[in-house]
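*Asks:* okay, predicted coordinates and the sequence, questions at the end:
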Amino acid sequence: MAAELVKSDDLTTDTSKSRIGNPEGLALLSRLDSFGNQIKDIQKRMERPDRLLDFVLVLRHGILDEWVGQPRDPDEVQERNAVAHESIAMDIEAILLMFQVQPERASRWEKAFSTYYRDFWPEVASNTLKTGSRIATIFNIYANSKCLYRYQKGCNTQRKDQVMALCEQWVTKWKSDHTLEIPPEVFEGILALDRDVY
């Protein structure tokens, strides 16, 4: 098989990586770089399977201390609340870590995740949600509306339907544009509705 000569007109330069090639080849190399970065991120997570233990300790040690009469440290309470209530980010990390320990259990969690967070797992897991971001809070409120007792009471049916509809609307928008920012007044309105569910 004879090699084809490449004309210099067919080549472009990627100065950020000091590469020369045709545009399709450079695009392919760029995608491979991106995949390589994703793999490195997963490998970093795999290095710390003990994070599951960290989660358990953060969630329970303050309560156990309280049971023996030791006052709870406000910083520890805040950390526990972040772990317990910033659910989507922590659930993503817990599922990824559980894949290293018990893959079959993690697969079950993955399916439940999709149900409670109204999204497909790979899409959410591959797009980093910042803890405390507005969209992460919307995902959390949506999941809470499906499982928290206060949402299941008959007197809250109308509020629950309103909250779920608004959350679904913004999750759907976010799915088509991961850079989406929820306007502050809309976000505050959803938080107010959530607070009204008692």
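*Replies:* Received it, and whenever you're ready, just let me know what you need.
*Asks:* and Asp119, what element?
*Replies:* Using DSSP states H and E, Asp119 maps to neither a helix nor a strand.
*Asks:* tell me how far it lies from Asp194.
*Replies:* Separation of Asp119 from Asp194 (Cβ to Cβ, to the nearest Å) stands at 19 Å. C-beta coordinates here come from the backbone N, C-alpha and C atoms, glycine included.
*Asks:* give me the more crowded residue out of these two.
*Replies:* More neighbours surround Asp194 than the other of Asp119 and Asp194, with 24 against 20 (other Cβ atoms under 10 Å).
*Asks:* which SS class is the more buried one?
*Replies:* Classification of Asp194 by DSSP: H, G, I helix; E, B strand; the rest coil places it in helix.
*Asks:* how near is the residue nearest to it when sequence neighbours are not counted to Ser87?
*Replies:* With sequence-adjacent residues excluded and distances taken as Cβ to Cβ, 6 or more residues apart in numbering, Asp194 is closest to Ile141, at 5.1 Å. From Ile141 across to Ser87, the span is 10 Å (Cβ to Cβ).
*Asks:* likewise Val163?
*Replies:* From Val163 to Ser87 the distance is 15 Å (Cβ to Cβ).
*Asks:* likewise for Pro23?
*Replies:* From Pro23 to Ser87 the distance is 43 Å (Cβ to Cβ).
*Asks:* the two: which is more packed in?
*Replies:* Between Pro23 and Ser87, counting by other Cβ under 10 Å, Ser87 is the more crowded of the two (22 against 11).
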